[in-house]
Structure formats: C-alpha cells, structure tokens
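Trainee: I'll drop the sequence and a predicted model, then ask my questions.
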Amino acid sequence: MTANLLDFDLEALAAFCEQLGEKRFRATQLFRWIHQKGATDFSQMTDLAKSLRDKLPASAHIPKPVPISTHVSSDGTIKWLFDVGGGDAVETVFIPEDDRGTLCISSQAGCAVGCRFCSTGHQGFSRNLSTAEIVAQLWFAEHDLRARFAGTNTGRAKSNDLGTKSNDTRVISNVVFMGMGEPLQNYAAVLPALRIMLDDHAYGLSRRRVTVSTSGVVPLMDKLGADCPVALAVSLHAPTDALRDQLVPLNRKYPLSELLAAARRYLAHAPRDFITFEYCMLKGVNDQLEHAQQLVRLIQDPVRGVACKFNLIPFNPFPESGLHCSDRETVLVFAKILSDAGIVTTVRKTRGDDINAACGQLAGDVVDRTHVMQRMQRQRSVMPSPVASAANLALES
Ligand code: SAH
Ligand code: SF4
C-alpha cells in the first residue's frame with residue numbers, strides 16, 4: 001500500500017521525504033502542489049526535483065475524492081455526499097456569504113454521543129474518519145468551487161475581507177467542524193487535519209476562522225487548547241445537568257461544572273476572547289423563560305461563569321426525534337433575555353433548507369450498527385414529554 005499524502009501534515013510529509021532519501025524542504029513544494037494547486041498527478045509537479053517526482057508514484061498517492069451526490073440550494077449552499085466505503089457516507093456543506101465562504105465538514109461516520117435532537121446521533125457510530133478523509137472534504141470543495149467560480153465573483157468572498165493577500169484565489173475562508181461526528185472523539189485524526197488547514201503552505205486559514213464544535217469532551221478540550229488552539233464552540237443546549245443529561249448523554253460523564261471550567265481554561269489559549277455556546281431551540285423542552293434565566297445565572301456566575309457568545313439554533317426536525325422547533329416568537333424572547341443580560345446572542349439563519357443541508361440533517365447513509373435507534377426509543381419512553389419536562393424544570397429551579 002502506498003502512502004496517502006492527504007494524511008500528512010507538513011512535518012509528517014517532511015519525514016516521509018526523508019525516508020525516500022530526499023531533502024526535507026522538498027516536502028514544502030510537494031505540500032503546495034497538493035493543497036494549493038489541487039494536483040493529484042506527480043508528473044504535473046514540474047518544479048519538483050526530478051529524482052523525487054520519479055520515486056513518488058511507487059510510494060505515494062493522492063486520492064481524488066468523488067462525491068456520490070451534489071445538491072445546490074437556491075440560496076447558493078452546496079451539499080456533497082462522499083462515499084467513505086463500507087456502506088458509510090459523510091456530508092460536507094459549503095455556505096457562501098457576502099464576506100466569507102464557510103465549509104462545514106464531518107469528522108466521523110455517525111456519532112457515538114447520541115444527542116436526542118441530532119439525526120447523526122440517531123444513526124449511531126460507524127467509524128472515525130482518517131485525517132485524509134477529513135482533509136479531502138476541504139481539498140475537494142476548495143478546488144471544485146474555484147473551478148465553478150472561475151472568472152466570477154459568485155460565492156466568493158473578496159480577499160480583502162478575509163484578511164488574506166490580495167492575489168488570494170481561495171474560496172473557503174472558514175471551516176467549522178459541525179457536520180457529522182464529534183471531532184474531539186476522533187482527536188488523533190482531527191489534530192493533523194487542523195494543522196494542514198492552518199498551514200500557510202496549504203490552506204493558510206486563520207485560527208480564528210477554524211472552529212471545532214464539541215458536545216463537551218472535557219479532557220480533549222484541554223488537549224486541543226495546548227496542541228492547536230482554534231476557535232471553540234461548545235454545544236450547551238441546557239442550563240441544568242438534569243436536562244442536559246437527557247439531551248446530550250455525554251453530560252453524565254462531564255457535567256456542566258466541569259464543562260464550564262474547561263471552557264474557561266480554553267480561553268487562556270483561544271484565538272478569540274470568548275467561547276461560542278450553541279443552543280438548539282427545542283419547543284417546550286429547553287426554550288422556556290426559566291431556562292433563559294437559568295442560563296444567564298450559570299454563564300454570569302462569578303465563579304462558574306465564562307466569557308461567551310450564544311448562538312441559538314432553530315431545531316431542524318426529523319420524524320424519529322419526536323421533537324419540534326421552538327416558535328419564532330419564543331426564540332426571539334429567549335434571545336432577548338440573554339441579550340438584555342449583556343450576553344451577545346445571535347439566532348442562526350437556516351441555510352440550504354431545500355436540500356436538507358442544515359445542522360442535524362446531515363444523515364448520509366450510515367448504517368446503524370450500534371442499534372442506537374432501539375436504545376433511543378427505550379430512552380424516549382422513559383423521558384417526560386416536552387411540555388411535562390419544562391414543567392419539571394420549573395419545579396426544580
Ligand atoms: N458533535 C459536535 C459537532 C457536530 S454537531 C457537536 O455536537 O458540537 C454541530 C451542531 O449542530 C451542534 O451544536 C449540534 O448540537 C447541532 N445540531 C445537531 N442536530 C441538530 C438539529 N436537528 N437541529 C439543529 N441543530 C442541531
Ligand atoms: Fe454527535 Fe454532535 Fe450529533 Fe451530539 S450533536 S450526536 S455530539 S454529532
């Protein structure tokens with residue numbers, strides 16, 4: 001088996017070149033050909049030493065990812081489905097905006113965390129993606145979009161707005177790990193992928209524009225802060241352990257006090273001076289006045305609190321969840337309570353609605369190997385109905 005070069009960050013590629021008896025600095029040229037120019041054929045790499053060009057085909061390859069399907073939304077959002085073998089597929093979504101181009105990528109086929117409101121969680125866990133499979137999503141999207149938008153400004157942010165060089169041809173300015181999977185439960189593959197995304201010889205993305213979103217794997221939040229601090233989003237979804245235990249099962253292992261302490265520690269390394277909390281608005285479950293008030297108290301507690309922004313995500317319903325999205329009015333009232341308390345709060349716009357590209361709709365074709373649906377159905381039968389659960393919380397507070 002020859003080495004898949006999309007697996008290597010620059011350091012690993014330099015070590016690989018050395019093994020082939022080549023100078024380490026050759027790796028930089030090779031890295032640029034792969035990631036900046038999108039080359040897959042070594043014979044194209046004209047300025048690479050002839051000796052290296054001749055050796056590479058026998059020892060390495062750069063697999064060209066081919067999407068099984070591509071859907072383009074009327075709002076410009078593009079969703080690709082990639083086959084990763086063994087009956088598994090993962091999704092990648094490009095979201096164009098005036099001042100940026102964001103790519104939402106997947107880190108696992110399925111997810112083991114099993115959040116109540118997430119369709120990926122409902123599929124169960126299939127497997128971790130490799131570094132190459134994570135990077136391939138960006139590699140493919142960047143070069144496909146450049147070709148699509150060649151000669152136009154469509155879907156492409158102006159380079160000056162991106163804080164990049166004026167001759168920059170990049171389309172993707174931001175990457176968010178908000179597709180399928182829990183990135184911190186696939187840390188070993190995610191870390192080199194982050195390094196490749198940040199490397200100036202590859203995609204040169206700013207740390208502030210690469211966001212890892214986590215349901216709260218506390219020890220690995222610390223490790224990420226030490227190894228490669230990028231922007232961090234924490235999926236909070238509830239103001240109390242009693243409710244979060246039900247919505248995000250990982251809370252039973254890492255409860256709110258530990259999660260908030262880890263978020264505070266992360267701030268010492270973070271490229272931004274706040275953590276983003278994501279909060280999925282579920283009708284009658286976590287969207288009541290008392291939940292907003294409890295959140296304000298939690299977040300602004302002088303000891304337990306943390307500098308943050310809130311991103312309220314309207315729930316994208318799917319039938320098996322048995323849950324509903326909060327009314328628009330309820331979301332706005334909730335947002336106002338947080339904003340009035342001085343917490344910067346945004347309500348996420350839903351994009352790509354017509355192609356099911358929104359959060360939690362990234363179903364792919366993952367096989368339910370872990371029988372998670374049965375477990376969730378059992379759990380749902382013991383979980384109070386949404387309205388009853390809100391009433392329980394009112395009694396608790
Ligand atoms: N596993 C990571 C990242 C992937 S999920 C995490 O949980 O943070 C990305 C975001 O989408 C998370 O905030 C998650 O809570 C949210 N999400 C999942 N399912 C959703 C749904 N059905 N509607 C709205 N947001 C959802
Ligand atoms: Fe996994 Fe994130 Fe979905 Fe929870 S919300 S099941 S952690 S992908």
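Mentor: Right, received. Where do you want to start? Ligands and ions are numbered 1, 2, ... in the order given.

Trainee: specify the beta-bridge partners of the closest residue to residue 335 other than its chain neighbours.
Mentor: Once flanking residues are discounted, residue 335 sits nearest to residue 345: 4.8 Å by CB to CB, 6 or more residues apart in numbering. All C-beta atoms are positioned from the backbone trio N, CA, C, and that covers glycine. Per DSSP bridges, the residues bridged to residue 345 are residue 310.

Trainee: now residue 345: how far from residue 225?
Mentor: To residue 225, residue 345 is 24 Å away according to CB to CB, to the nearest Å.

Trainee: which of these two has more neighbours?
Mentor: Each of residue 345 and residue 225 has its neighbours counted (other CB atoms under 10 Å); residue 345 has more, 21 against 18.

Trainee: the stretch 1-150 of the chain: helices as residue ranges?
Mentor: Ranges of helices in the stretch 1-150 of the chain, per DSSP state H, counting those that start in this stretch, are 10-19, 26-35, 50-59, 119-123, 131-149.

Trainee: let me know which of these is tucked in deepest.
Mentor: helix 119-123 (a mean of 25; mean count of other CB atoms under 10 Å).

Trainee: please see if it touches ligand 2.
Mentor: Yes: applying CB under 6 Å from any ligand atom, one finds helix 119-123 in contact with ligand 2 at 120, 121.

Trainee: dump that helix to CSV, restricted to CA.
Mentor: C-alpha atoms of helix 119-123 as CSV (Å, rounded to 0.1, in the frame of the first residue of the first chain):
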residue,chain,number,x,y,z
SER,A,119,-30.1,12.8,13.3
THR,A,120,-26.4,11.8,13.1
GLY,A,121,-26.7,10.7,16.8
HIS,A,122,-29.7,8.7,15.9
GLN,A,123,-27.7,6.7,13.4
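
Trainee: residues contacting the residue nearest to residue 335?
Mentor: Listed by CB atoms under 8 Å, 6 or more residues apart in numbering, the contact set of residue 345 reads 309, 310, 311, 312, 335, 338, 339.

Trainee: next one: residue 138
Mentor: Residue 138 makes contact with 103, 105, 172, 175, 197, 203 under the criterion CB under 8 Å, 6+ apart.

Trainee: ChimeraX command to pick out the buried ones of those?
Mentor: One line in ChimeraX is enough to select the buried ones among those; burial here means 16 or more other CB atoms under 10 Å:
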select :103,105,172,175,197,203
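
Trainee: list just the nearest of the contacts of residue 138 to ligand 2.
Mentor: The closest of the contacts of residue 138 to ligand 2 turns out to be residue 105 (CB to the nearest ligand atom; 12.2 Å).

Trainee: in terms of pLDDT, where does the closest residue to the closest one other than its chain neighbours sit?
Mentor: Excluding the flanking residues, the one nearest residue 105 by CB to CB, 6+ apart is residue 137, at 4.5 Å. Looking at residue 137, its pLDDT stands at 98.

Trainee: tell me, how many residues neighbour the closest residue to ligand 2 within the stretch 201-350 of the chain?
Mentor: Proximity of the stretch 201-350 of the chain to ligand 2 (CB to the nearest ligand atom) peaks at residue 215, 3.6 Å away. Using other CB under 10 Å, residue 215 has 27 other residues around it.

Trainee: need phi/psi at it.
Mentor: Here is the backbone geometry of residue 215 (degrees, to the nearest 10): phi -80, psi 0.

Trainee: so it touches residue 248, yeah?
Mentor: Yes: counting by CB atoms under 8 Å, residue 215 does reach residue 248; the two are 5.3 Å apart.

Trainee: overlap in contacts, those two.
Mentor: The contact sets of residue 215 and residue 248 overlap at 113, 115, 235 (CB under 8 Å, 6+ apart).

Trainee: check whether the first one really touches residue 251, as I assumed.
Mentor: When you say that, I think you mean residue 113. No: at 9.8 Å, residue 113 does not count as touching residue 251 under the criterion of CB under 8 Å.

Trainee: now do the helices in the stretch 201-350 of the chain.
Mentor: Counting by DSSP H, counting those that start in this stretch, the segments of the stretch 201-350 of the chain that form helices are 218-227, 241-247, 256-267, 289-299, 328-340.

Trainee: report the buried residues of the last one.
Mentor: Same thing as helix 328-340. Counting neighbours by 16+ other CB under 10 Å, one finds that the buried residues in helix 328-340 are 330, 331, 334, 335, 337, 338.

Trainee: mind checking pLDDT for the residue lying closest to the last one once chain neighbours are set aside?
Mentor: Taking CB to CB, 6+ apart, and ignoring the residues beside it in sequence, residue 338 has residue 345 as its nearest neighbour in space, at 4.3 Å. For residue 345, the pLDDT comes out at 97.

Trainee: count the neighbours of residue 289 for me.
Mentor: Residues lying near residue 289 (other CB under 10 Å) number 13.

Trainee: contacting residues for it?
Mentor: 333, 337.

Trainee: hang on, residue 176 in a strand?
Mentor: Yes: under DSSP: H, G, I helix; E, B strand; the rest coil, residue 176 falls within a strand.

Trainee: for it, give the beta-bridge partners.
Mentor: Bridge pairing for residue 176 - DSSP bridges - gives residue 104, residue 211.

Trainee: any idea how far it is from ligand 2?
Mentor: Per CB to the nearest ligand atom, to the nearest Å, residue 176 is found 12 Å from ligand 2.

Trainee: quick check: that residue vs residue 105, distance?
Mentor: As defined by CB to CB, residue 176 lies at a distance of 7 Å from residue 105.

Trainee: please apply the same query to residue 285.
Mentor: On the measure of CB to CB, residue 285 and residue 105 end up 28 Å apart.

Trainee: then residue 329?
Mentor: Residue 329 is 34 Å from residue 105, where distance means CB to CB.
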